[in-house]
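> Got a sequence here, can you model it:
(chains A and B)
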Amino acid sequence: GQQVQQSPASLVLQEGENAELQCNFSSTATRLQWFYQRPGGSLVSLLSNPSGTKHTGRLTSTTVTKERRGSLHISSSQITDSGTYLCAMERQGTGSKLSFGKGAKLTVSP
Amino acid sequence: DAGVTQTPRHEVAEKGQTIILKCEPVSGHNDLFWYRQTKIQGLELLSYFRSKSLMEDGGAFKDRFKAEMLNSSFSTLKIQPTEPKDSAVYLCASSWTGGAQYFGPGTRLTVL
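Sure, this is the predicted structure:
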């Protein structure tokens, strides 16, 4: 079964609204990594977070490894934030190997 | 510093052909990964190298997919023979062990 589940699968916001993306995983994780992908583009690493809360710019990543969940908060969304956000889990004992969720498609409109 | 580079960016192959995709990781990174991305399956790991040693060869992809890393700055992924279901974007990524993975631009493969 899918090791990493993301919700929602898609989200439509108006510019300025906040987005909250969820990630749940089925195994013990040592780290969550969030990526951003534009249509037809490659993956860009946003945040890599073993536990707790991490910030960069308008992004906040929270990882609660004991509860096997994480989240990515995007504040004051902008049109250029539109794209797909992927959560990836590094499973304990697998080295650097990541298991990816199917992604959350974010659309920000004016 | 240069990021991960992949060539070619696009490849069109006839069914049954052999194709070779290339990847240059970020200089100094010791882990290298090959992934396949499709709309239905999402991102699937094909191969994983640490310090040039093959750590994982992707199980279900063993038969026709072979990744090699002859030196620390270059890796290839060979698909032989290609099938239409192999049409996908192939992504290469590298990292320090335990560090964030950095992805290349990908190769879009179309098999006719």
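> Just the buried residues of stretch B:33-40, please?
For stretch B:33-40, the neighbour count (16 or more other Cβ atoms under 10 Å in any protein chain shown) marks B:Phe33, B:Trp34, B:Tyr35, B:Arg36, B:Gln37 as buried. Glycine gets a C-beta too; all of them are placed from N, C-alpha and C.
> and stretch B:47-65, how far apart are its ends?
Criterion Cα to Cα, to the nearest Å; first-to-last residue distance in stretch B:47-65 is 9 Å.
> Rounded mean pLDDT for it, please.
For stretch B:47-65, the mean pLDDT works out to 84.
> Chain A against chain B: which residues are in contact?
A:31, A:33, A:35, A:41-45, A:48, A:86, A:88, A:95-103 (Cβ under 8 Å from any Cβ of the partner chain).
> about what we covered before: as TSV, the buried residues of stretch B:33-40 with distance to chain A, pLDDT and secondary structure would be great.
Listed next are these as TSV, based on distance: Cβ to the nearest Cβ, whole Å; pLDDT from 0 to 100; DSSP: H, G, I helix; E, B strand; the rest coil:
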residue	distance to chain A	pLDDT	secondary structure
B:Phe33	8	95	strand
B:Trp34	12	95	strand
B:Tyr35	8	94	strand
B:Arg36	11	94	strand
B:Gln37	9	94	strand
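> Going by distance to B:Tyr90, which of those residues wins?
Taking Cβ to Cβ as the measure, B:Tyr90 sits nearest to B:Arg36 out of the buried residues of stretch B:33-40, at 5.7 Å.
> Show me what the closest one is bridged to.
Counting by DSSP bridges, B:Arg36 forms beta bridges with B:Glu44, B:Tyr90.
> what's the burial count for residue 82?
Since no chain was named, I'll use chain A. 16 (other Cβ atoms under 10 Å in any protein chain shown).
> my bad, chain B
21.
> can you check the one 10 residues further on too?
Counted by other Cβ under 10 Å, the residues lying close to B:Cys92 total 29.
> quick one: it from A:Pro50, how far?
According to Cβ to Cβ, to the nearest Å, B:Cys92 stands 24 Å off from A:Pro50.
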